[in-house]
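Trainee: Next input, structure requested:
(one chain, ligands or ions: 1)
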Amino acid sequence: MIQVTGLRKSFGGKPVLAGVDLTVGQGESLCVIGQSGTGKSVLLKCILGLAVPDVGQILWQGRPLDRAARPDFLARFGMLFQGAALFDSLTVWQNVAFRLRQRMPDRKARAIAVEKLARVGLGPETADLMPAELSGGMAKRAGLARAIADDPSVIFFDEPTTGLDPIRARRINDLIRGIVTETGATAITITHDMDSVRAIGDRVALLQDGRIAWDGAVAAMDSAPPLAEFLGRTCDINAT
Ligand SMILES: Nc1ncnc2c1ncn2[C@@H]1O[C@H](COP(=O)(O)OP(=O)(O)OP(=O)(O)O)[C@@H](O)[C@H]1O
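Mentor: Sure thing, here's the model as predicted:
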């Protein structure tokens with residue numbers, strides 16, 4: 001379980017997070033939505049320890065996620081980066097097995113990488129390709145295989161469908177939902193894509209003006225006024 005309490009973060013005196021309270025239960029899939037520039041990535045960075053909050057607390061399994069607890073947390077988390085973010089100079093399997101190779105022989109790490117690639121719909125022939133040889137959808141799948149390579153108990157998905165056409169986006173959403181369900185991992189997804197929210201999320205939290213303006217079940221979001229307003233704005237943006 002991850003619990004964020006009273007999180008504040010400013011840059012150059014400009015508040016971005018102005019008191020964020022958010023809880024993600026064990027095995028729950030939470031989507032964080034919000035307009036561009038509302039601080040979704042900053043929130044994620046604070047949880048990962050890449051940004052230091054000005055005020056507030058982040059608990060993991062009931063313990064403060066401080067310097068002492070972070071290595072254990074980082075060893076148990078997986079992440080699908082926006083744009084997949086594969087290392088150009090490593091083959092696909094080396095990307096997938098990046099963390100595994102630090103603690104097991106290559107032959108074993110490769111076998112696990114091939115197994116994870118199969119889970120995301122990529123055959124063994126992709127293992128020795130370079131990232132530049134992959135299509136956008138394949139790269140996203142390879143990034144997903146890397147995110148789950150170490151059987152994480154917490155997975156972050158940063159804009160998982162960015163850059164994909166609607167059909168590929170739906171396939172990635174379905175894959176993510178399947179993986180989250182079968183592994184029982186806690187999932188946090190940052191997205192603008194409401195199809196992703198519907199496919200992946202159990203719960204959705206709307207970040208607005210530095211705070212969580214609404215937090216509830218995905219099934220309830222269509223009738224929630226703050227969400228309706230956000231969805232309306234999204235439609236307006238898409239229509240222009
Ligand atoms: N290191 C930094 N230094 C200064 N300002 C920053 C820094 N990181 C983020 N910000 C500012 O914080 C605000 C929120 O940024 P953030 O990237 O979290 O938004 P976001 O909600 O993830 O946006 P998007 O949906 O477009 O990715 C922005 O105004 C951004 O310029």
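Trainee: Would you mind measuring from Q3 to P160?
Mentor: 24 Å (CB to CB, to the nearest Å). Where you see a C-beta, it was placed from the backbone N, CA and C, and this is true even at glycine.
Trainee: And for L50?
Mentor: Distance from L50 to P160, counting by CB to CB: 19 Å.
Trainee: same check, this time on L207
Mentor: Distance from L207 to P160, counting by CB to CB: 17 Å.
Trainee: do C46 as well
Mentor: Distance from C46 to P160, counting by CB to CB: 20 Å.
Trainee: Alongside the ligand, which residues does this structure contribute?
Mentor: Selection of the chain residues close to the ligand by CB under 6 Å from any ligand atom yields F11, V16, G34, S36, G37, T38, G39, K40, S41, V42.
Trainee: of those, buried ones?
Mentor: With burial judged by 16 or more other CB atoms under 10 Å, the buried subset of the residues of the chain next to the ligand is V16, G34, T38, G39, K40, S41, V42.
Trainee: any chance of these in a markdown table, plus secondary structure and pLDDT?
Mentor: Below are these laid out as a markdown table (DSSP: H, G, I helix; E, B strand; the rest coil; pLDDT from 0 to 100):
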| residue | secondary structure | pLDDT |
| --- | --- | --- |
| V16 | strand | 95 |
| G34 | coil | 91 |
| T38 | coil | 91 |
| G39 | coil | 92 |
| K40 | helix | 91 |
| S41 | helix | 90 |
| V42 | helix | 93 |
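Trainee: Output the contacting helices and strands for the helix or strand containing I155.
Mentor: Element membership of I155, judged by DSSP states H and E, is strand 154-158. Identification of packing neighbours for strand 154-158 by 3 or more CB pairs under 8 Å, 6 or more residues apart in numbering; DSSP states H and E yields helix 40-48, strand 77-80, helix 136-148, helix 166-183, strand 186-190.
Trainee: just the CA coordinates of the following helix or strand past the shortest one, formatted as CSV?
Mentor: As assigned by DSSP H and E, the chain's next helix or strand after strand 77-80 is helix 92-96. Listed next in CSV are the C-alpha coordinates belonging to helix 92-96 (Å, rounded to 0.1, in the frame of the first residue of the first chain):
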residue,chain,number,x,y,z
VAL,A,92,15.8,-6.0,-26.7
TRP,A,93,16.5,-8.9,-24.3
GLN,A,94,19.3,-7.0,-22.6
ASN,A,95,16.8,-4.1,-22.1
VAL,A,96,14.2,-6.4,-20.6
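Trainee: pLDDT below threshold where in this structure?
Mentor: 233-240 (pLDDT under 70).
Trainee: coming back round to it: between C46 and P160, which one's more packed in?
Mentor: Comparing C46 with P160 by neighbour count (other CB atoms under 10 Å), the higher total belongs to P160, at 27 against 24.
Trainee: Distance of that one relative to the ligand?
Mentor: 13 Å (CB to the nearest ligand atom, to the nearest Å).
Trainee: What separation is there between that residue and F81?
Mentor: From P160 to F81 the distance is 9 Å (CB to CB).
Trainee: same deal with A185?
Mentor: Distance check for A185 against F81: by CB to CB, it reads 17 Å.
Trainee: Parallel or antiparallel, list what pairs with the strand holding I155.
Mentor: The partner list of strand 154-158 in its sheet, established with DSSP bridges, is strand 77-80 (parallel), strand 186-190 (parallel).
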